[in-house]
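Novice: One predicted model, sequence on top.
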Amino acid sequence: MRPFKRIFDEDGLPVSPARVLRAYSERCFPMADDRDGCIFWIRPSERAVITWDLYRIPRAIRPLLKNSPFRFTSDRAFSQVVEQCARRGETWISHDIEGLYNELFQLGHAHSVEAWDEEGNLVGGLYGLSSGGSFSGESMFHRKDNASMMALHLLVCHLQSIGYRMLDCQQSSPHIDRFGAVTVDDDEFALMLATSPKPLPWKSRAFPDMGTSS
């Protein structure tokens, strides 16, 4: 594993992968104001989560479940997915955060889902962090319509299959709400984390079998 540069937060305290994992266990996560911004920590009073009993498939992707124009993989292009997620006018994914999650990926704690078109181009994807019994979705992107939505649907299927009980979406948005996300307060979220069992291993190689293309 190649060495990563030392990273500090806005208070001058060092930020390591271990500290990031500890923060997630305490219901916090890192953010930044822009690509060159310093890391600061957020613990929202309310959290958006997707639970399996309330999950719903958006209408836009239902016709694609049996005949998708995309091929899906997991953990094949993690760094590319993070980089693409950060490529927007305003982003909280600083260079430091990007480096941290690449290191967490190398350590086996972060995972990605990738969508590829027929020419083999990366056209959508998402990434997130596994901490204990919780999987936190961090960001997603798309270059073709519905690519990221399909990736999110397959992520939910995969999380269910290996024993997760919910997907932590962190903050509510109209896009996430289409999948049946609900908002819970911090106390309820803490209880959900405390009662979530540790899932099975990620099984990246099995992921394409869950998709609409193989």
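Specialist: Ah, there it is. Residues are numbered from 1 along each chain as shown.
Novice: Helices along the protein, start to end?
Specialist: Assigned by DSSP state H, the chain shows helices spanning 17-25, 78-86, 95-106, 147-161, 174-177, 186-194.
Novice: got JSON lines for those, with distance to residue 35 too?
Specialist: For every residue, glycine as well, the C-beta is placed using N, CA and C. Below are those laid out as JSON lines (distance: least, Cβ to Cβ, whole Å):
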{"stretch": "helix 17-25", "distance to residue 35": "18"}
{"stretch": "helix 78-86", "distance to residue 35": "7"}
{"stretch": "helix 95-106", "distance to residue 35": "6"}
{"stretch": "helix 147-161", "distance to residue 35": "21"}
{"stretch": "helix 174-177", "distance to residue 35": "22"}
{"stretch": "helix 186-194", "distance to residue 35": "29"}
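Novice: Out of those, which is closest to residue 202?
Specialist: helix 147-161 (8.2 Å; Cβ to Cβ).
Novice: tell me which residues of the closest one are tucked away?
Specialist: Buried residues in helix 147-161, counting neighbours by 16 or more other Cβ atoms under 10 Å, are found at 147-156, 158-160.
Novice: what's the answer for stretch 47-62, then?
Specialist: Buried positions in stretch 47-62, judged by neighbour count with 16+ other Cβ under 10 Å: 47-50, 55, 58, 61.
Novice: same question, stretch 116-132
Specialist: For stretch 116-132, by 16+ other Cβ under 10 Å, it's 116, 122-131.
Novice: State the pair within the buried residues of stretch 47-62 that is farthest apart.
Specialist: Pairwise over the buried residues of stretch 47-62, using Cβ to Cβ, the maximum falls at 47 and 61, 24.5 Å.
Novice: ok, now which ones touch residue 146?
Specialist: Listed by Cβ atoms under 8 Å, 6 or more residues apart in numbering, the contact set of residue 146 reads 60-61, 64.
Novice: how about 6 Å then?
Specialist: Applying Cβ atoms under 6 Å, 6 or more residues apart in numbering to residue 146 gives the contacts 60-61.
Novice: low-scoring stretches of the chain, by residue?
Specialist: Regions of the chain meeting the criterion pLDDT under 70 cover residues 1-4, 205-214.
Novice: Show me the strands in it, by range?
Specialist: 29-31, 40-42, 46-51, 71-74, 110-116, 122-131, 134-142, 166-170, 182-185 (DSSP state E).
Novice: now these as JSON lines including distance to residue 89?
Specialist: What follows is these, written out as JSON lines (distance: least, Cβ to Cβ, whole Å):
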{"stretch": "strand 29-31", "distance to residue 89": "16"}
{"stretch": "strand 40-42", "distance to residue 89": "20"}
{"stretch": "strand 46-51", "distance to residue 89": "23"}
{"stretch": "strand 71-74", "distance to residue 89": "27"}
{"stretch": "strand 110-116", "distance to residue 89": "22"}
{"stretch": "strand 122-131", "distance to residue 89": "19"}
{"stretch": "strand 134-142", "distance to residue 89": "13"}
{"stretch": "strand 166-170", "distance to residue 89": "20"}
{"stretch": "strand 182-185", "distance to residue 89": "26"}
